[in-house]
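1. Need coordinates for the below:
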Amino acid sequence: MLRIEQLRKSFGSTEVLKGIDLVVEPGQVVCLIGASGSGKSTLLRCIDLLETVEDGTVWLADDAGSEQDITDPRVDVDAIRRRIGIVFQAYNLFPHLSVVENVLLGIVRAHQVPREEAEKQARALLARFGLAGREHDRPDELSGGQQQRVAIARAFAARPRAMLLDEVTSALDPELVGEVLAAVRDLKAEGVTMLLATHEMGFAREVADTVGFLHDGRLLEVGPPEQVLGEPRMPETQRFLRRLLEAGRV
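-> Residues are numbered from 1 along each chain as shown. Below you'll find the predicted structure:
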């Protein structure tokens with residue numbers, strides 16, 4: 001679904017991504033772990049073309065399985081973004097729109113779905129994510145966990161080829177984390193391809209098919225969760241997980 005080869009990204013003189021190689025198969029869930037500043041969010045933003053890539057290639061499969069180089073400067077950026085859903089840690093909902101309008105807006109504007117049909121789809125999605133009855137609320141009337149579930153529903157509404165989730169629980173109180181992770185589990189059960197940046201090691205162990213550890217802009221270790229989280233080979237991975245264990249976060 002996604003193939004990343006030698007991806008590099010710098011901000012000024014600071015190289016943030018230093019030659020990332022990663023493959024995400026259709027229906028696979030890949031969790032990216034690592035300390036703050038390791039490059040997880042930048043990698044997701046490069047895939048969604050929110051950041052300009054200096055070097056390297058990102059390939060995205062289409063419905064027929066053919067790969068397209070989405071880092072080609074001639075590519076239609078809007079067309080690519082219609083095929084990739086992204087959810088940010090800060091929700092990024094439109095505060096002046098109702099919940100249902102937040103979800104249906106992209107379907108109507110980007111995918112030209114008639115409004116009546118789009119609203120029907122949006123209401124069904126909101127019900128699926130436990131938000132039936134809140135369709136006409138504004139975002140500030142919802143809890144953080146509910147707002148994040150609206151953001152996930154909005155990203156999924158267009159049935160993207162892949163979904164990118166950037167630390168979707170980091171802004172939430174601990175008691176709200178579980179409801180957002182449940183929504184992600186539902187997407188996994190449906191076979192949605194996902195690439196997640198997360199600091200929830202228990203969740204990564206449960207839901208991921210593959211875990212990748214980023215350190216200082218490099219993907220140092222990639223493998224099944226039981227190996228990367230249980231028997232890490234790289235000293236940097238071992239130190240990272242030891243610090244989390246000492247902090248009670250593993």
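2. For the helix or strand of the chain with the lowest mean pLDDT, enumerate the helices and strands it packs against.
-> Of all the helices and strands that make up the chain, helix 174-189 has the lowest average by mean pLDDT, DSSP states H and E, namely a mean of 80. Other helices and strands packing on helix 174-189, by 3 or more Cβ pairs under 8 Å, 6 or more residues apart in numbering; DSSP states H and E, are helix 144-156, strand 194-197, helix 201-207. All C-beta atoms are positioned from the backbone trio N, CA, C, and that covers glycine.
3. Figure out how far it is from the centre of its chain.
-> 13 Å (Cα atoms, centre = their mean, to the nearest Å).
4. Flag every buried residue along it.
-> Residues of helix 174-189 classed as buried under the neighbour-count rule (16 or more other Cβ atoms under 10 Å) are 176-177, 179-181, 183-184, 187-188.
5. the helices in the protein, which residues?
-> If DSSP state H is used as the criterion, the helices of the chain fall at 40-47, 77-81, 99-111, 115-128, 144-156, 174-189, 201-207, 225-228, 235-246.
6. Out of those, flag the one nearest residue 215.
-> The closest approach between residue 215 and any of these, judged by Cβ to Cβ, belongs to helix 235-246 at 4.6 Å.
7. who's in contact with the closest one?
-> Contacts made with helix 235-246 from outside it, assessed by Cβ atoms under 8 Å, 6 or more residues apart in numbering, are listed as 33-35, 201, 213, 215, 220-221, 228-229, 232, 250.
8. I'd like the average pLDDT over that helix.
-> Mean per-residue pLDDT for helix 235-246: 89.
9. And for stretch 61-69?
-> Taken as a whole, stretch 61-69 has an average pLDDT of 82.
10. Identify each buried residue in that stretch, please.
-> Residues of stretch 61-69 classed as buried under the neighbour-count rule (16+ other Cβ under 10 Å) are residue 61.
11. Just the endpoints, please. Distance across that stretch?
-> 9 Å (Cα to Cα, to the nearest Å).
12. pLDDT below threshold where in this protein?
-> Regions of the chain meeting the criterion pLDDT under 70 cover residues 171-172, 247-250.
13. tell me the centre residue of it?
-> Nearest to the mean C-alpha position of the chain, counting by Cα atoms, centre = their mean, stands residue 165 at 1.7 Å.
14. Show the contacting residues for that residue.
-> By Cβ under 8 Å, 6+ apart, the contact set of residue 165 is 86-87, 152, 184, 194-198.
15. out of those, who's nearest residue 98?
-> Using Cβ to Cβ, residue 152 is the member of the contacts of residue 165 that sits closest to residue 98, with 17.0 Å.
16. pretty sure the closest one contacts residue 130?
-> No - using Cβ atoms under 8 Å, residue 152 makes no contact with residue 130, being 11.1 Å away.
17. any residues in contact with both of those two?
-> When contacts are counted by Cβ under 8 Å, 6+ apart, residue 152 and residue 130 are jointly contacted by residue 183.
18. Contacts for stretch 119-136 next, please.
-> Counting by Cβ under 8 Å, 6+ apart, the neighbours of stretch 119-136 from elsewhere in the structure are 98-100, 103-104, 107, 113, 141-142, 146, 149-150, 152-153, 156-157, 179, 183, 186.
19. Give me the buried subset of those residues.
-> When burial is judged by neighbour count using 16+ other Cβ under 10 Å, the buried members of these are 98-100, 103-104, 107, 113, 142, 146, 149-150, 152-153, 156-157, 179, 183.
20. Apart from its neighbours in sequence, what residue is nearest residue 48?
-> Spatial nearest neighbour of residue 48, chain neighbours left out: residue 86 (4.9 Å); criterion: Cβ to Cβ, 6 or more residues apart in numbering.
21. go on, residue 111?
-> Residue nearest to residue 111 in three dimensions, not counting chain neighbours: residue 158, with 5.7 Å by Cβ to Cβ, 6+ apart.
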